[in-house]
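Engineer: got a structure for you, letters missing:
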C-alpha cells in the first residue's frame, strides 16, 4: 500500500493497522499452512505458542516486509521471521521463529534487523535467546551483486560473536541452512527434530557444486549431527518434543551470566537412590556398567538432562540438580570403549565445560577411565590438541569443580578428569585405582626387551596393582577424602556448600565465555 | 505384543550368552556379556518379557547399535 492511500482519521488508521496485522499473522497463506499441518509439522506461530507461557508473546516487527523489491511487500508477511519477547515459566526470553512459508524464511534486510534487535535486547537486558530454526539461507536475488552484498551483509561486526552473556537455545525444526544453521552452531543447546537438516548449504546447491547427487540426510541429517559431528545436543521425533526440550534446558540456566542458576524443589525419593550404587558397580574391575545409572542415583530424582548422548559415548555430560542446585555432570562411561576417552569425548566435554563455567554452574566429575584412546585414528583427528583443549578448559574454569574417582583413573586422563589440584576437592571410593598406566600395559612397558617370563610378569603386575589403591592417594593427601559409593550424594551436596563462590555471590570469572562454540 | 530390539552399545565381540530363547527376562537382567577394549560389557534387558530371538553367538563380532536379541512383551 502506498503511503498516500492511508486513511486520514485515527479510526481509519487503526482499522487498517488491524487488517495489516491480521494479514501478517496469516504467514504464507492457508494452503501452505494446511500442507504443514497435514505433515504433522507446526508453523512458526504455533511453535511460539507452544514455547511461551500462554498470552505472553510481545511481537516486534509484525508489519516488517521485504523492501528491496516493491512487488514483494505484499508477499512477505513479517518478512519470514517472527520475532519478539515472552515468558517461559515466568522468566523473560527472546525468540526468533523462522516462518518457512514466507520465502523459505530466507534472510533479508528487514528480518535481519529483527533478529539483531531481539538479540541485542536479550544480551543487554540479560535474558535467554531462542532460535526456532527452519530457513533456506540468504534471500535471493536480494543480496546478489556488490550492491546487494554491501547492503545486506557485514553491517553488524558482532553478528556472530558469542560471548555467552546470556544462554542461547536452538531447535532445528526443518531445513536449516544459512542463519538457522549458523545460530544453532553458536547456541549453548541445540535440539533437532528427526527429518530436519542442518548444513552450510542445501542438498540441491551442494549437488550442483560437486556434480553428484547429495542426499539430505547424508548432508546434515540427525544421525550425522548427533553421532559423528556432535553439532546437536539432542534428537527428538516431533516439533512439540523439541520445544519442550528447549523449555527444559532453560529451566537449568540462569537468565544471564551475572546470576546463579535457579534452584528447584527436591523431588521426593532423591536421597534413597544412592543406596543402590553398590549394586550397580560391578565387583570385577573388568566389568563395564552404564555410568548414567550411577548418575541417576546421585542427582535429584529424574533431574539428569543429558547432552550429546550419541556422540563421544565414552564420556557422559549433562545438567542435573543436587539438593535443588544445578550442576554439570561429567563422567566416564565404562560401557563404551571401557570409558577410554576419544577425540569426540574430548570435544564433548570441552564444550560442556565452557557452557557450565560461563553460566556459573558447578562441575561434578565422576571418574572411571583407563585413559585416552591412543592410535592412528585419534592422531589424525588431532587427539593431543583435543586433550589439551579439554585440559586447558578445565584449568581455566572458575566455578567449583568436584571430582570423584570411582574406579580407574590413569595417566593424563587423571588430570583431565580433575585429579590433583585440577578440581577443588577430590574424593575417592575404596574401589579407586590410580596410576600412570593400567598395570597390564605397564608390565609390558617395564619388561620390554628383557628376558622375563609370564610368572615374573604376573608378580610385577600384582605389585603394581597393590600400589594403585585408594590408600596411597589418601595417605599423601592427593585426594581430600575417601567415601563409600552410597555416601556420594551426601558428600557432593555438602562439598558444594563448602566450595560455594561466596565472595562473588556464586558468579565465576567466565574466562571461557568467548571460546569457540564447536571444537 | 511388542517386540523390543536389544542393541549393542559398543564395538566388540560376544563373550558369553547367559540366556536362551524362551527364557523369561526382567528389566535389568543380564542377557549376554560382550567384550570390548578388554572390558566385559553386560547387555541388560531394557523391558520385562520373553527372550524371543538371539541374533548373535559367542565369539561373534558386533557393531555399535547392532541388534543382539529381541524381547517379546
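Structural biologist: Perfect, I can see it now. A quick note: this is a predicted structure, and the numbers were derived from the prediction, not measured.
Engineer: Around chain B, which positions in the stretch 151-300 of chain A sit nearby?
Structural biologist: Residues of the stretch 151-300 of chain A lying close to chain B by Cβ under 8 Å from any Cβ of the partner chain are A:282, A:284, A:286-290. In this view, the C-beta of every residue, glycine as well, is placed from N, C-alpha and C.
Engineer: Same check on chain A?
Structural biologist: A:282, A:284, A:286-290, A:313, A:334-340, A:370, A:440.
Engineer: PyMOL command to pick out the buried ones of the residues of the stretch 151-300 of chain A next to chain B?
Structural biologist: The following PyMOL line selects those of those that are buried, judged by 16 or more other Cβ atoms under 10 Å in any protein chain shown:
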select buried, chain A and resi 288+289+290
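Engineer: As CSV, the residues of the stretch 151-300 of chain A next to chain B with secondary structure and pLDDT would be great.
Structural biologist: Formatted as CSV, those follow (DSSP: H, G, I helix; E, B strand; the rest coil; pLDDT from 0 to 100):
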residue, secondary structure, pLDDT
A:282, coil, 92
A:284, coil, 88
A:286, coil, 86
A:287, strand, 91
A:288, coil, 92
A:289, coil, 94
A:290, coil, 94
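Engineer: So which of the residues of the stretch 151-300 of chain A next to chain B is the closest to residue A:456?
Structural biologist: Set against residue A:456, the nearest of these by Cβ to Cβ is residue A:286 (22.3 Å).
Engineer: What values do phi and psi take at the residue nearest to the closest one when sequence neighbours are not counted?
Structural biologist: Taking Cβ to Cβ, 6 or more residues apart in numbering or on different chains, and ignoring the residues beside it in sequence, residue A:286 has residue B:40 as its nearest neighbour in space, at 5.4 Å. Residue B:40 adopts backbone torsions of phi -80, psi 130, taken as degrees, to the nearest 10.
Engineer: surely residue B:40 meets residue B:15?
Structural biologist: Yes: with contacts counted by Cβ atoms under 8 Å, residue B:40 reaches residue B:15, the gap being 6.4 Å.
Engineer: higher neighbour count, those two?
Structural biologist: Neighbours of residue B:40 and residue B:15, each counted by other Cβ atoms under 10 Å in any protein chain shown, are more numerous for residue B:40; the result is 20 against 15.
Engineer: which residues in the stretch 51-200 of chain A form strands?
Structural biologist: Taking DSSP state E, counting those that start in this stretch as the criterion, the stretch 51-200 of chain A contains strands spanning A:58-60, A:81-88, A:91-98, A:129-136, A:168-177, A:189-193, A:197-198.
Engineer: And the fifth one, what does it pack against?
Structural biologist: Taking 3 or more Cβ pairs under 8 Å, 6 or more residues apart in numbering or on different chains; DSSP states H and E as the contact definition, the neighbouring helices and strands of strand A:168-177 are strand A:129-136, helix A:179-186, strand A:189-193, strand A:197-198, helix A:239-252.
Engineer: mind giving me a markdown table with those and columns for mean neighbour count and distance to residue A:231?
Structural biologist: Listed next are these as a markdown table, based on neighbours: other Cβ atoms under 10 Å in any protein chain shown; distance: least, Cβ to Cβ, whole Å:
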| stretch | mean neighbour count | distance to residue A:231 |
| --- | --- | --- |
| strand A:129-136 | 29 | 12 |
| helix A:179-186 | 24 | 6 |
| strand A:189-193 | 27 | 7 |
| strand A:197-198 | 26 | 7 |
| helix A:239-252 | 21 | 15 |
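Engineer: Residue A:227 is nearest to which of those?
Structural biologist: Of the helices and strands packed on strand A:168-177, the one closest to residue A:227 (Cβ to Cβ) turns out to be strand A:189-193, at 11.7 Å.
Engineer: ok, residues contacting the closest one?
Structural biologist: A:167-174, A:184, A:198, A:222, A:225-226, A:231-239, A:241-242, A:245-246, A:249, A:307 (Cβ atoms under 8 Å, 6 or more residues apart in numbering or on different chains).
Engineer: Which parts of chain B are strands?
Structural biologist: Along chain B, counting by DSSP state E, strands occupy B:3-7, B:12-17, B:24-25, B:30-36, B:39-44, B:49-54, B:61-62, B:67-72.
Engineer: Most tightly packed of those?
Structural biologist: strand B:39-44 (a mean of 22; mean count of other Cβ atoms under 10 Å in any protein chain shown).
Engineer: Quick one: work out the angle between it and strand B:3-7.
Structural biologist: 170 degrees (axes from the mean of the first three to the mean of the last three Cα atoms, to 10 degrees).
Engineer: Alright, calling it a day.
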